[in-house]
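sequence and computational prediction follow.
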Amino acid sequence: MRGSNQRRQGTLASSRPCCATFGQLMNTPEEYRKHMADGGATSGELASEPGWFDLWPAGQLDELNAAYKTQDFIPGFWGFGSNGGGELFAFDAEGSVFMIPFVPMEAKSAVKIADSWNEFQKMMT
C-alpha cells in the first residue's frame, strides 16, 4: 500500500466560519488544521475500513471541493481526501467524518466512519 493525511467545509449554518485559505479559520476541525499545519501524515493505512486514506493538500480544499461540486451533490459536507479509490472523505457540520462514493455522490450514501477528526486520526497507522 501507500503512505500519508486531511478535512471539510459546508454551506450549512455552523458555528465555525468558512474561509478561502488554509491559513485562515476554516470550517474544519481545529485538530485537523493542527495536524495538517504540523506536517502530519497525508496518506497511509487505516486500521479499519476502508483500509487506506489519502488526504488532499490543505491549501487545495476549496479548489477540490469546487471541482467535485460537493456543495451541489452533498450540501453540508466538505471533502478533505479519499480512500485512494472511489470514495470521498468528508466532514459534516458537526465535525464527524464520512465516507461517500464519488459516483453517485449523494448524501444518502454517506457512511459515518468516525465521530471526530481525533477518532479518525486514531485509525491512521
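Received it, and whenever you're ready, just let me know what you need. Numbering: from 1, shown residues only.

could you use CA atoms for every contact and neighbour count after this?
Noted.

tell me what the closest residue to residue 51 other than its chain neighbours is bridged to.
Leaving aside its sequence neighbours, residue 51 sits nearest to residue 45 (C-alpha to C-alpha, 6 or more residues apart in numbering; 5.6 Å). Under DSSP bridges, the beta-bridge partners of residue 45 are residue 52.

quick one: contacts for the residue nearest to residue 47 when sequence neighbours are not counted?
Nearest non-adjacent residue to residue 47, counting by C-alpha to C-alpha, 6+ apart: residue 123, 4.9 Å away. By C-alpha atoms under 8 Å, 6 or more residues apart in numbering, the residues touching residue 123 are 46-48.

torsion angles phi and psi at residue 123?
Backbone torsions of residue 123, given as degrees, to the nearest 10, read phi -80, psi -20.

from residue 75, how far off is it?
26 Å (C-alpha to C-alpha, to the nearest Å).

and what of residue 32?
Distance from residue 32 to residue 75, by C-alpha to C-alpha: 20 Å.

next, residue 77: phi, psi?
The phi/psi pair for residue 77 (degrees, to the nearest 10) is phi -120, psi 150.

can you count the residues close to it?
Neighbours of residue 77 under the rule other C-alpha atoms under 10 Å: 29.

just confirm it contacts residue 91, I think it does.
Yes: the criterion here is C-alpha atoms under 8 Å, and residue 77 meets it with residue 91 at 5.5 Å.

pLDDT score assigned to residue 111?
Residue 111 is assigned 97 on the pLDDT scale.
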